[in-house]
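1. quick check, what structure comes out for this input:
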Amino acid sequence: MVADVGPPIFLMALGLILWLAVTASVAGISIQTIGMILFIAGAIWLVVEMIQARSAGTRERVVEEPVAYRDRRI
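-> Residues are numbered from 1 along each chain as shown. Okay, the predicted model is just below:
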């Protein structure tokens, strides 16, 4: 299973842009703080996606032994 890393990376990029590149200010709202929050949320989301992809990959590799049975003639 492949992790879907596109949305978290987009969120991290948007957060970094707001955090580091935007100097505008809005009354009562810190754009830099919102950018930092978006970046951290994207990083956590990315870590969760990677953990889920890794655990799903290990479950798929489990191969069960074939069940042995006797042929019965009727």
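
2. go through stretch 5-15 and flag the buried ones.
-> Of the residues in stretch 5-15, those with enough neighbours to count as buried (16 or more other C-beta atoms under 10 Å) are 8, 11-12, 15. Every C-beta, even on glycine, is put in place using the N, C-alpha and C of the backbone.

3. got it, and stretch 32-41?
-> Neighbour-count burial for stretch 32-41, with 16+ other C-beta under 10 Å as criterion, is recorded at 34-36, 38-39.

4. just the ones of the residues you listed in strands?
-> Secondary structure from DSSP state E places none of the buried residues of stretch 32-41 in strands.

5. dump the residue contacts of the residue nearest the centre of the chain.
-> Within the chain, one residue has its C-alpha closest to the average C-alpha position: by C-alpha atoms, centre = their mean, that is Glu49, at 2.3 Å. Residues in contact with Glu49 (C-beta atoms under 8 Å, 6 or more residues apart in numbering) are 3-5, 8.

6. quick check: phi and psi at Val26.
-> Val26 adopts backbone torsions of phi -120, psi 140, taken as degrees, to the nearest 10.

7. any idea what it is bridged to?
-> Ile29 (DSSP bridges).

8. okay, now it: neighbour count?
-> Close neighbours of Val26, defined as other C-beta atoms under 10 Å, add up to 8.
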